[in-house]
Each structure stands twice: as structure tokens, then as C-alpha cells.
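Student: here's a sequence, model it:
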Amino acid sequence: MLVFEPLRAAYGWASDRLHRFVIDGMADNARVCDRARVRYFPYVEPSARAGRGLLAALGESACVVITDDYPAFFLPRMVDAAGEQLDVLLEAVDSNGLLPIRQAERAYPTAHQFRRYLHGALPERLS
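Tutor: Numbers count the residues shown, from 1 in each chain. As a prediction, this is how the structure comes out:
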């Protein structure tokens with residue numbers, strides 16, 4: 001297993017502050033993966049589009065590629081594009097919380113409203 005965590009250099013919301021947050025998280029992930037003896041490949045793109053084709057190249061020797069299912073930001077388009085580049089199955093898994101993010105039938109504008117929904121929906125999912 002290889003955990004590949006890329007960070008693109010250029011996108012609409014790129015900022016030094018956001019990239020510092022992601023890079024700090026990569027350092028934490030590297031320590032966790034090292035303790036678990038999992039191969040980890042953090043990639044910070046040095047310039048725009050420098051990492052183009054990297055996922056496809058890594059996927060050439062893969063049996064399956066698993067990604068996070070997070071339906072916001074530019075990620076859905078990125079996952080769709082990755083699926084077109086890979087010759088193996090691309091499986092998107094929701095790892096965002098206790099309840100699958102797509103379980104809710106509508107968006108909740110406040111955390112309070114979502115928590116009320118979660119308290120009702122979560123018990124049956126935990127059994």
C-alpha cells in the first residue's frame with residue numbers, strides 16, 4: 001500500500017496560509033504512516049502543473065486506487081479527471097465523519113441544524 005498525498009501549487013484558493021496547514025498535516029501523516037509501516041508519498045508541487053501525470057504513473061502498478069469522497073471545492077472534478085487517467089478501479093470512500101456526507105438529503109446551513117439531524121440519523125447507522 002502506498003498513501004499518496006499531493007498538494008497542487010496553483011488553484012483558485014491557493015495561499016501560503018492554507019498550504020502551511022496542509023504541509024503541517026503531511027508531516028503528521030508521515031509520522032503516523034512511519035509508525036504503522038505504511039509507505040507514504042507526500043508531494044508538494046514545486047510549480048503549477050509540475051505534478052501532471054504523477055497519479056497515472058503511480059497507478060500503473062496499482063490494483064486499485066482509493067481516494068476520499070469529499071463533494072466540495074475542486075475535488076469532485078479532480079477525482080473525475082483522475083478516474084479518466086487510471087487504468088484501474090478508482091474507488092471513492094467517505095472518510096469525513098461518523099455519518100456518510102451524502103447521507104443527508106439536504107444541506108444544513110448551520111452546525112446546530114446539522115447536529116440535530118445527526119442525532120436522529122446516527123443511532124441506526126451505529127448499530
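
Student: and residue 43, bridged to which residues?
Tutor: The partner list for residue 43 in beta bridges (DSSP bridges) reads residue 6.

Student: ok, residue 8 touching residue 51?
Tutor: Yes: counting by C-beta atoms under 8 Å, residue 8 touches residue 51, with 7.1 Å between them. Using the backbone N, CA and C atoms, a C-beta is placed for each residue, glycine as well.

Student: who touches both of the two?
Tutor: Overlap of the contact sets of residue 8 and residue 51 (by C-beta atoms under 8 Å, 6 or more residues apart in numbering) consists of residue 45.

Student: buried sites along stretch 46-64?
Tutor: Neighbour-count burial for stretch 46-64, counted by 16 or more other C-beta atoms under 10 Å, picks out 51, 55, 58-59, 62.

Student: nearest to residue 105 among those?
Tutor: Of all these, residue 55 has the smallest distance to residue 105: 32.4 Å, by C-beta to C-beta.

Student: tell me the contacts of the closest one?
Tutor: So, once contact is read as C-beta under 8 Å, 6+ apart, residue 55 ends up touching 4, 6, 65, 82, 85-86.

Student: now do residue 86
Tutor: Contacts of residue 86 by C-beta under 8 Å, 6+ apart are 55-56, 59, 62, 65.

Student: got TSV for these, with secondary structure, distance to residue 22 and pLDDT too?
Tutor: Formatted as TSV, the contacts of residue 86 follow (DSSP: H, G, I helix; E, B strand; the rest coil; distance: C-beta to C-beta, whole Å; pLDDT from 0 to 100):
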residue	secondary structure	distance to residue 22	pLDDT
55	helix	17	96
56	helix	22	95
59	helix	22	95
62	coil	23	96
65	strand	20	97
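
Student: and of these, the nearest to residue 96?
Tutor: residue 65 (18.7 Å).

Student: which SS class is residue 96?
Tutor: On the three-state scheme (DSSP: H, G, I helix; E, B strand; the rest coil), residue 96 is labelled coil.

Student: name the nearest residue to it, sequence neighbours excluded.
Tutor: residue 70 (6.2 Å; C-beta to C-beta, 6 or more residues apart in numbering).

Student: could you list every residue that touches the one you found?
Tutor: 94, 96, 101.
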